[in-house]
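S.K.: need a structure here:
(2 chains)
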Amino acid sequence: MQIDLEIFQITVLSLEVSILATFLSLLLGLPLGTLLALGRFPGRSFLLSLVNTGMGLPPVVVGLFVAMSLWRSGPLGDLNLIYTPTAIVIAQVVIAFPVVTGLTTAALQALDTGLQLQLLGLGASRLQMIWLLWREARLPLLAGMMAGFGSVISEVGASMMVGGNIRYQTRVLTTAIVLETSKGEFNNAIGLAVLLLTITFLVNWGLTWIQQRAAKR
Amino acid sequence: MDPTKGGKAMRALVEVHDLLVRRGGRNVLEVPALEVGRGEVLALIGPNGSGKSTLLLVLACLLKPVSGEILFDERPLSQWKALEYRRRISFVFQAPLLLDMTVSENVALGLKFRGLQKGEIRVRVGHWLEQLGIESLANRRAGELSGGEAQRVSLARAFVLDPELILLDEPFSALDPPAHSKLLGDLAALLAVDHRTAIIVTHNLKDASQLGDRVAVLVGGRLRQVGRASQIKAKPADEEVAAFLREPTSSAL
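M.R.: Numbering: from 1, shown residues only, chains lettered A, B, ... in the order given. Here you go, the predicted model:
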């Protein structure tokens, strides 16, 4: 293993893919979670059950379905995305998006229900109301974001299946650990494992710092 | 003077006709007719679950009635855009429901919703903090306030909007007796000074008579009687109104 540069490249790819997937999950999950928390429409509780189930989706199952969709002969095969970093991002969004959605719904439902009416009663538009509810629930929302990031940076099944663990292209930290372990290169595997834990810690440390600063604001 | 009329020369600010609200398949509120004149303070009293809060929610356009009509400024609510209407009134709930920000920021909320300039917001917020005697709390966080202080913030937050109609849902219910009577007095003075039109849910006839020009009694989801507190006390409209007035919690005049 070409130590420094290759490890650096693997680490950067892991971070890029998982941060992008978390960001996209927020983009989808925050509005949907808000709709599920505040809206009243037929099928709402069914949808919420689906989301809550999705929070525990096994990454290998996600990997299977995303791989089938992106496979050359699959419905999205023409996009030529299988075994690319984009494929990993797609699979990770499928994993993290229900987590972010479910925790957004829970965070907003924990607020006093009178708050919505109070804000409307003070002349808030719907968007102004939602913005303030998000602000009010910012600590659990950030926790949801951390949970989403944690679920994708640590998963290996989906990244392996849709990314293919191709050297210099789709190898991320978790798939590299699997490879090194299967080769019996435990020292390399341990080094990568420590690296994975360290960057996960650093990212969460940053988010926790933002969260706790927000607590005092 | 007809006790169901506002008693002011101009046309009433709020008129309610044949209002019916249903929830879970049963009637929770029936108001055949009610008017609130410009500059008038109407107190709503009645036992728990009698529909007082429901009436306020309907009047704030936060709950849709099954049938009936409400006119605000001579125009039916159904013809108002909900947001435009809500920006001419303001609502104070039973719980202060402050946001996790400073007192000033809480009071500024409604003004920000309306897109006012920063300078004007600062001036108006400062004025109303002073009016409610809480200017020293301006930079405190909402979570650090006592119940009475929080309720004053919640009142300032509504008054700062200079609303044409202010709806107050039992703003004193959670306060201890000294804080209660102090705030009651202050609120009565604030409402009187600007001739503000208000509908206020209160606990008992005594508070109602101190705040309101007239009192409306709701029992069992139906408006039973409207009139001056003394008239209601002297001549309850029916046995249920009389029974409510006899309860110790509604301790009369």
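
S.K.: low-confidence regions, chain B specifically.
M.R.: B:1-10, B:249-253 (pLDDT under 70).

S.K.: excluding chain neighbours, give the residue nearest to whichever residue of chain B sits closest to chain A in space.
M.R.: Nearest residue of chain B to chain A, counting by C-beta to the nearest C-beta: B:F91, 2.9 Å away. The C-beta positions use only the backbone N, C-alpha and C, and glycine is treated the same way. Spatial nearest neighbour of B:F91, chain neighbours left out: A:G121 (2.9 Å); criterion: C-beta to C-beta, 6 or more residues apart in numbering or on different chains.

S.K.: surely the residue of chain B closest to chain A touches B:L56?
M.R.: Yes: with contact defined as C-beta atoms under 8 Å, B:F91 reaches B:L56; the gap is 7.2 Å.

S.K.: enumerate the residues of the stretch 101-250 of chain B near chain A.
M.R.: For the stretch 101-250 of chain B, the residues in contact with chain A (C-beta under 8 Å from any C-beta of the partner chain) are B:M101, B:L109, B:G110, B:F113, B:R114, B:R157, B:A158, B:L161, B:L167.

S.K.: which among those residues count as buried?
M.R.: B:M101, B:L109, B:G110, B:F113, B:R157, B:A158, B:L161, B:L167 (16 or more other C-beta atoms under 10 Å in any protein chain shown).

S.K.: and these, which of them are in helices?
M.R.: B:L109, B:G110, B:F113, B:R157, B:A158 (DSSP state H).

S.K.: farthest-apart pair in those residues, please.
M.R.: Spatial extent of these (C-beta to C-beta) is set by the pair B:F113 and B:A158 at 12.6 Å.

S.K.: before we move on, what SS does the residue positioned nearest the centre of chain A have?
M.R.: Closest to where the C-alpha atoms of chain A average out (C-alpha atoms, centre = their mean) is A:A96, at 3.2 Å. Secondary structure, DSSP: H, G, I helix; E, B strand; the rest coil: A:A96 is helix.

S.K.: surely A:A143 touches A:L103?
M.R.: Yes: A:A143 lies in contact with A:L103 (C-beta under 8 Å); the separation is 6.8 Å.

S.K.: among these two, which residue is more densely surrounded?
M.R.: Higher neighbour count among A:A143 and A:L103: A:L103, with 24 against 17, using other C-beta atoms under 10 Å in any protein chain shown.

S.K.: and the more buried one, what element?
M.R.: Assessed by DSSP states H and E, A:L103 sits inside helix A:85-109.

S.K.: any residue of that helix touching chain B?
M.R.: No: Helix A:85-109 lies out of reach of chain B by C-beta under 8 Å from any C-beta, never closer than 13.3 Å.

S.K.: who touches both of B:F91 and B:L56?
M.R.: Counting by C-beta atoms under 8 Å, 6 or more residues apart in numbering or on different chains, the contacts common to B:F91 and B:L56 are B:L167, B:D169.

S.K.: those two: which is more packed in?
M.R.: Neighbour totals were compared for B:F91 and B:L56, and B:F91 leads with 28 against 24 (other C-beta under 10 Å).

S.K.: confirm the more buried one sits in a strand?
M.R.: Yes: under three-state DSSP, B:F91 falls within a strand.

S.K.: any idea what it is bridged to?
M.R.: Beta bridges link B:F91 to B:L167, judged by DSSP bridges.

S.K.: and it, what does it touch?
M.R.: B:F91 makes contact with A:L117, A:Q118, A:G121, A:L122, B:L56, B:A60, B:L62, B:A158, B:I166, B:L167, B:L168, B:D169, according to C-beta under 8 Å, 6+ apart.
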